[in-house]
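*Asks:* Any chance you can model this:
(chains A and B)
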Amino acid sequence: MALDFSIILRFQEALLVGLWMTIKLTLICIVLGCSLGFFIGLARTSRSTILRAVSSVYVEFFRGTPVLVQLFWIFFCLPLILGVELSNLTSGVIALTLYMGAITSETFRASLKSIGPEQFDACVALGLPRRVQVTNVVLPQAVLRAIPTLLSNCVSLFKESALVSAVGMADLMFVGQNISNNTARPIEVLTVVALIYFVIAFPLTRAVTLVERRVLAKLAI
Amino acid sequence: MTMSFSAPLVKIQSLHKSYGPHIQVLKGLDIEMKPGERVVVIGPSGGGKSTLLRVMMGLEKIDSGSISFGGKPYISSEGADRKTEIDTEVRRSIGMVFQHYTLFPHLSVIQNLILAPCKVRGEAKASATKRAQALLERFGLGAKANAYPAQLSGGQKQRVAIARALMLDPKLMLFDEVTSALDPELVAEVEQVILQLAAQDMPMMIVTHDMWFAKNIASRVIFCAGGVVVEDGPPEQVLGSPKEERTRDFIDRVFHIRH
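*Replies:* Next up is the predicted model:
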């Protein structure tokens, strides 16, 4: 069997369009998902029983079901329930944002919990009002501590986003699959698709390690 | 605030504190501290020394009793609901330094110092920074203003923590085993700073295991064990020739370890 990678060049424009969709979807869901996760993380560590209960149910549900099932549900059930048509991109954004929110809320929760009780002692001894404790001591440390894991979460989302091809969103995976079906050249096309994902994800994974080392060095006390 | 000659700076009355139903840490503590006194509290671990300081700072709830500062009661738990009432305005006159530094790791040294003055008292950043820089110079840390806590030695961190507390012009300083976590060769630089404050007549209450330091800094020593004051007097008496048997045992054991 002769491999012919030149076939990729013929479809490079389509692949680029698919890649752009993947990146766009990932970036939107990173911004929305991390913001959602931040507030859910706060809710999960709050004193209010209701906030804790509601946020816990949400997080456990989204962590305890397959992302693919969540995607299908948002794509096919949500429009029926709401009685409105949702565009492919909107559905994809909703689904992956809800998923990302659940995952990153755990990251934020862990980093909030990791702030030792002695930091609160110091706040009291300095007479800092509660508002200042939160905005100047707790949140900056929590966010700083969360950054390495958040980056990991983002890399995962970038890879998981390939699942949207299953519901017909024209992302990199979807385009690759189509080309491979039409040309009967799965090895060349799917290998290149995998390489594209890898070339983007790998440096980011390495960056996580570097960032983690710097954050830990700064917060080691 | 007007104070007659004999008015106590701190008055602690029948302080009771327990952790859960079975562990009683403070069993009716009464201490009066006069202005200008430097009280060193010594005693076996679990005897309630650190708890006393934490209660005075408002970090722990109490079961019953009261504490006043400069004639104003600021911590009490008297009513039937046994809720610990804390007057935060009065409490702000008290500064505290802990065993484990408790600097804010995400802030530089100078930012650690100016956070409370700027946020609590609304002081302008420029003036707070100027005062902070002067304090750091005085403590031999002028070059470290922009360093982060993780880049400092234990002794430097503890000196920064003391400077941070002083930024709020406390009328009383509490030192809770501030040299216990330090490597032996770093203890002196921290004690030196506290001696400097003592020379300026800063009232202080110190919990320490370092008997040399206790002897050098105390104007009065309290031996605390089993949640009560066992002996209370000038350092020569309590450390040199204690009256109480329990104090004598403790002093003997501690000095035995040191020599």
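*Asks:* tell me what whichever helix or strand A:Val199 is part of is packed against?
*Replies:* Using DSSP states H and E, A:Val199 sits within helix A:186-219. Judged by 3 or more Cβ pairs under 8 Å, 6 or more residues apart in numbering or on different chains; DSSP states H and E, helix A:186-219 is in contact with helix A:7-10, helix A:12-44, helix A:139-160, helix A:172-183. Just so you know, the C-beta spots here come from the backbone N, C-alpha and C atoms, and that holds for glycine as well.
*Asks:* quick one: buried residues of the shortest one?
*Replies:* What it means is helix A:7-10. Going by neighbour count (16 or more other Cβ atoms under 10 Å in any protein chain shown), the buried part of helix A:7-10 is A:Ile8.
*Asks:* Not counting that helix itself, show me its contacts.
*Replies:* Around helix A:7-10, the neighbours that count as contacts under Cβ atoms under 8 Å, 6 or more residues apart in numbering or on different chains are A:15, A:183, A:185, A:188-189, A:192.
*Asks:* Show me which of those are buried.
*Replies:* Buried among the contacts of helix A:7-10 (16+ other Cβ under 10 Å): A:15, A:185, A:188-189, A:192.
*Asks:* ok, which pair from these is furthest apart?
*Replies:* By the measure Cβ to Cβ, A:Leu15 and A:Arg185 form the most distant pair in the buried ones among the contacts of helix A:7-10, at 13.1 Å.
*Asks:* Now the common contact residues for those two.
*Replies:* Taking Cβ under 8 Å, 6+ apart as the criterion, A:Leu15 and A:Arg185 both touch A:Ile179.
*Asks:* what's the single longest helix in chain B?
*Replies:* Longest helix of chain B, by residue count under DSSP state H: helix B:184-199.
*Asks:* which residues does residue 17 contact?
*Replies:* Using chain A. Applying Cβ under 8 Å, 6+ apart to A:Val17 gives the contacts A:170, A:175.
*Asks:* wrong one, I was asking about chain B
*Replies:* Shown in contact with B:Lys17 (Cβ under 8 Å, 6+ apart): B:24-26, B:48, B:51, B:55, B:60-63.
*Asks:* Please repeat the previous calculation with a cut-off of 7 Å.
*Replies:* By Cβ atoms under 7 Å, 6 or more residues apart in numbering or on different chains, the contact list for B:Lys17 reads B:25-26, B:51, B:55, B:60, B:62-63.
*Asks:* does it belong to a helix or a strand, and which?
*Replies:* Element membership for B:Lys17 (DSSP H and E) is strand B:10-19.
*Asks:* list the buried ones in that strand?
*Replies:* B:10-13, B:15-18.
*Asks:* before we move on, the earlier item: what's the next helix or strand after the longest helix of chain B in contact with?
*Replies:* Using DSSP H and E, the helix or strand that follows helix B:184-199 in sequence is strand B:204-207. Applying Cβ under 7 Å, 6+ apart, the external contacts of strand B:204-207 come out as B:33, B:38-41, B:49-50, B:53, B:172-177, B:197-198, B:217.
*Asks:* do stretch B:209-226 as well
*Replies:* Residues outside stretch B:209-226 that contact it (Cβ under 7 Å, 6+ apart): B:31, B:37-44, B:47-49, B:177, B:179-180, B:187, B:191, B:194-195, B:198, B:206, B:208, B:229-235, B:238-239, B:246-247, B:250, B:254-255, B:258.
*Asks:* tell me, how many neighbours does residue 94 end up with?
*Replies:* The chain I'm using is chain A. 18 (other Cβ atoms under 10 Å in any protein chain shown).
*Asks:* other chain: chain B
*Replies:* 24.
*Asks:* How about A:Lys159?
*Replies:* Neighbourhood size, A:Lys159 [other Cβ under 10 Å]: 15.
*Asks:* try B:Lys49
*Replies:* 26.
*Asks:* For the longest helix of chain B, name the packing helices and strands.
*Replies:* helix B:154-166, helix B:211-217 (3 or more Cβ pairs under 7 Å, 6 or more residues apart in numbering or on different chains; DSSP states H and E).
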